[in-house]
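1. sequence plus predicted model, see below.
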Amino acid sequence: MKELQNYYTFLLPDSKIHKTWNATKIEHIRAFVDTMLIAIIGGAALDLSPLQILLTGLVGVSVKQSRIYINMMVQTIISPAIGDFKVFVQFIDMFLMLISTAASVFVAVVSMIFFNNPEAAFLGFDNHSCIMAIIAFFLSSFAFEKMEVVE
């Protein structure tokens, strides 16, 4: 993510949460456009309903946002503590993403069994993935707090 390598992002006179959001906003728009294009083409080929196509696209966006914020969290919190062990940092990043996705899939399966509705599985996956992304979002926003100028 190029916005995080830009020093001017850290110098903006704004709160740490707004800085984090502004640094990742373009990635969310890009993820939405990419996943909706794939979902529309795949949904048309599989003869899915418009609601299922929309929910499939939202699953892709929620997975992408989880990946973005977990990666930011690992880069800002864990990587400075470990140092130059890039392979270990990548392993931690992949492990946290695996845990987040596996938990979201578990919630989707339980939602599907409990409600007996495929749309409930999509919503369960989206909700849980968004909650995990929000937690990673707030944890990764601490990087912006460390570099703020205190008046």
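-> Great, that's in hand. As the structure is a prediction and not an experimental result, all values here were calculated from the model. Numbering: from 1, shown residues only.
2. CA atoms for contacts and neighbours, from now on please.
-> Will do.
3. I figured Phe32 hits Val63, correct?
-> No. The criterion here is Cα atoms under 8 Å, and Phe32 misses it with Val63 at 10.8 Å.
4. which neighbours do those two share?
-> Taking Cα atoms under 8 Å, 6 or more residues apart in numbering as the criterion, Phe32 and Val63 do not both touch any residue.
5. just how off-centre is stretch 99-116 within its chain?
-> 17 Å (Cα atoms, centre = their mean, to the nearest Å).
6. heading C-terminal from the lowest-mean-pLDDT helix or strand in the chain, find the next helix or strand.
-> Ranked by mean pLDDT, DSSP states H and E, the weakest helix or strand in the chain is helix 7-11, scoring a mean of 51. Proceeding C-terminally, helix 7-11 gives way to helix 16-46 as the next helix or strand, assigned by DSSP states H and E.
7. what's the next helix or strand after that next one packed up against?
-> Sequence order places helix 50-73 as the next helix or strand after helix 16-46, per DSSP H and E. If contacts are counted by 3 or more Cα pairs under 8 Å, 6 or more residues apart in numbering; DSSP states H and E, helix 50-73 sits against helix 16-46, helix 86-115, helix 118-140.
8. quick one: the longest one to helix 118-140, angle?
-> Our comparison of helix 16-46 with helix 118-140, counting by axes from the mean of the first three to the mean of the last three Cα atoms, to 10 degrees, yields an angle of 150 degrees.
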